[in-house]
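**Student:** quick one: sequence and predicted model below, then my questions.
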Amino acid sequence: MMRLNSTTLNVLIASLLCGGCASTSVSDSLWTQVSGDGNRIVLRLDPEHPRLRQFASAQINLAADFVDDSGTPRTASLGGGSRVDAQTRVYTLPETLNNPPSGEICLYFSPADTRLGAFPIRARTAGGTDNSGFRYPDWEARVGAETRRRLNDRQKSGLDAQRNAAQRSVQQLQAELDKDQLASVEDCARRTFTAKADARGRDVIEPAAQAATARRICVRRTRELNLTSKFSVVDALGQFRNQLPSERSRQAGQFLTDWRNHFERTGADYVPELGSPREPLAIATDAETLAARPSLQPKDSIALIGAWLDAYDVCVQDTTHQLGHRYQLWQVSQGRSSDRAAAYSDYMAQECRGKFRRLNEQRALLADVDRQLGALPSAAPTSSPQAQNRNVSLNALACTLPPR
């Protein structure tokens, strides 16, 4: 809910509470005490407050208005708090927000019944327009720094994953070229490639079935990985899928569909069309290390879900490419013998040039990721809530942000 300009009801409450009385610290706060206590906001009403009965039973949420680093106005719901007694509620503040705030954060109490408007906490001043919003500067500083630190960590984690994938691709492509004694792209034209007259094997799959076959093979490799890893991506998705970003959730949906479609057909008697029956899904070393921990935090499980899904997607892509490559080779081998050698040599020369092209692309990607990693800001230490001022009165700390 957004912080609205005071409604007629709030004006009436202010009139009832303060009409005809001398200005005091109590009347200025409309018999409402708001204080900051470390990582908590405490809201306490005077026994004579006209909303006390509603306060004791109704849902009253703490909300925040702020502008993020991109200049976009945001509203965040911070929860309904907990009742200490009929006059007091305590709201635990989050350590982070979804978007990093730029400048002040305007807090306010918002009843579930939007007709009542935001809860007033001080008398209206001359020319003032807002008697409900307030600030908690200590928490503003902490949550801003911690939000940026966690976003920075998330970005670094994503870049590290890209770097590991690019490194693996560079190593694999370089090993293939070294095996064939190809030092430069010019060697592709000088090299003679001889076609093999092989009979059609199980790895020669019609194009229309290659994608499904690749997914079946990768589901089997995921099952093999489950035999040696303490971490189960299927179980983790059942617990944390609703916390994944939209793109990662889409990725998870495709994986779970493949899992349901191919699980029963990839048991112990299944012989993969490509690779060894005992070949597990290839996971990055840092993910394997994390998965081996005795216990995992939710953020660790979410990070491992990402690593497993990325490894599965790489498996599907690489296996599909290999099946396509083998089918093309078989097609070439079935051509007329007089044309086969030339066609095969031309195709392999193209594949050779393609490997050098992909190698250069992956090296460029690796350099770009390293540049981005180097440009990430150093994480600033955040202070603990215990180090902050406690029981700070917040009624008079008005916002400068206009009500939305």
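**Tutor:** Thanks, I have the structure now.
**Student:** dump the residue contacts of E351.
**Tutor:** By CB atoms under 8 Å, 6 or more residues apart in numbering, the residues touching E351 are H325. (C-beta placed from N, C-alpha, C; glycine too.)
**Student:** next: the one 5 residues further on.
**Tutor:** Applying CB under 8 Å, 6+ apart, we find F356 in contact with L177, L182, S184, V185, C188.
**Student:** dump these to JSON lines, plus secondary structure and distance to S57.
**Tutor:** Output for the contacts of F356, formatted as JSON lines (DSSP: H, G, I helix; E, B strand; the rest coil; distance: CB to CB, whole Å):
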{"residue": "L177", "secondary structure": "helix", "distance to S57": "73"}
{"residue": "L182", "secondary structure": "coil", "distance to S57": "78"}
{"residue": "S184", "secondary structure": "coil", "distance to S57": "79"}
{"residue": "V185", "secondary structure": "coil", "distance to S57": "76"}
{"residue": "C188", "secondary structure": "helix", "distance to S57": "78"}
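**Student:** give the contact list for the spatially closest residue to R215 that is not a sequence neighbour.
**Tutor:** Here the nearest residue to R215 in space, its sequence neighbours aside, is D258; by CB to CB, 6 or more residues apart in numbering that works out to 4.5 Å. The contact partners of D258, by CB under 8 Å, 6+ apart, come to R215, R216, C218, V219.
**Student:** which pair in these spans the largest distance?
**Tutor:** R216 and C218 (7.4 Å; CB to CB).
**Student:** neighbour count for these two, which is higher?
**Tutor:** Set side by side, R216 and C218 show more neighbours around C218, with 27 against 21, by other CB atoms under 10 Å.
**Student:** tell me which element that one is part of?
**Tutor:** helix 207-228 (DSSP states H and E).
**Student:** and the helix or strand following that helix, what does it pack onto?
**Tutor:** Proceeding N to C from helix 207-228, the next assigned helix or strand is helix 233-240, under DSSP H and E. Counting contacts by 3 or more CB pairs under 8 Å, 6 or more residues apart in numbering; DSSP states H and E, helix 233-240 is packed against helix 246-262, helix 298-333.
**Student:** closest to L281 out of those?
**Tutor:** Minimum separation from L281 across those (CB to CB) falls at helix 298-333, 5.4 Å.
**Student:** buried stuff in that closest one?
**Tutor:** By 16 or more other CB atoms under 10 Å, the buried positions in helix 298-333 come out as 301-312, 314-316, 318-320, 322-323, 326-327, 329-330, 332-333.
**Student:** helix or strand next in line after it, which one?
**Tutor:** In N-to-C order, the element after helix 298-333 by DSSP H and E is helix 337-375.
**Student:** tell me if I am right that V67 is in a strand.
**Tutor:** Yes: counting by DSSP: H, G, I helix; E, B strand; the rest coil, V67 is located in a strand.
**Student:** quick check: pLDDT value at it.
**Tutor:** Here, the pLDDT recorded for V67 equals 93.
**Student:** nearest the geometric middle of the protein, what residue?
**Tutor:** For the chain, P245 is the residue whose C-alpha lies nearest the centre (CA atoms, centre = their mean; 4.7 Å).
**Student:** quick one, phi psi at that one?
**Tutor:** phi -60, psi 160 (degrees, to the nearest 10).
**Student:** any idea how far Q251 is from it?
**Tutor:** Distance of P245 to Q251, computed by CB to CB, to the nearest Å: 10 Å.
**Student:** related to what we said a few turns ago, which among the helices and strands packed on helix 233-240 is found nearest to D346?
**Tutor:** When the helices and strands packed on helix 233-240 are compared by CB to CB, helix 298-333 sits nearest D346, at 9.3 Å.
**Student:** buried stuff in the longest strand seen in the chain?
**Tutor:** Secondary structure of the chain per DSSP state E: the longest strand is strand 101-111. Across strand 101-111, burial judged by 16+ other CB under 10 Å covers P101, E104, I105, C106, L107, Y108, F109, S110, P111.
**Student:** fine, thanks again, bye for now.
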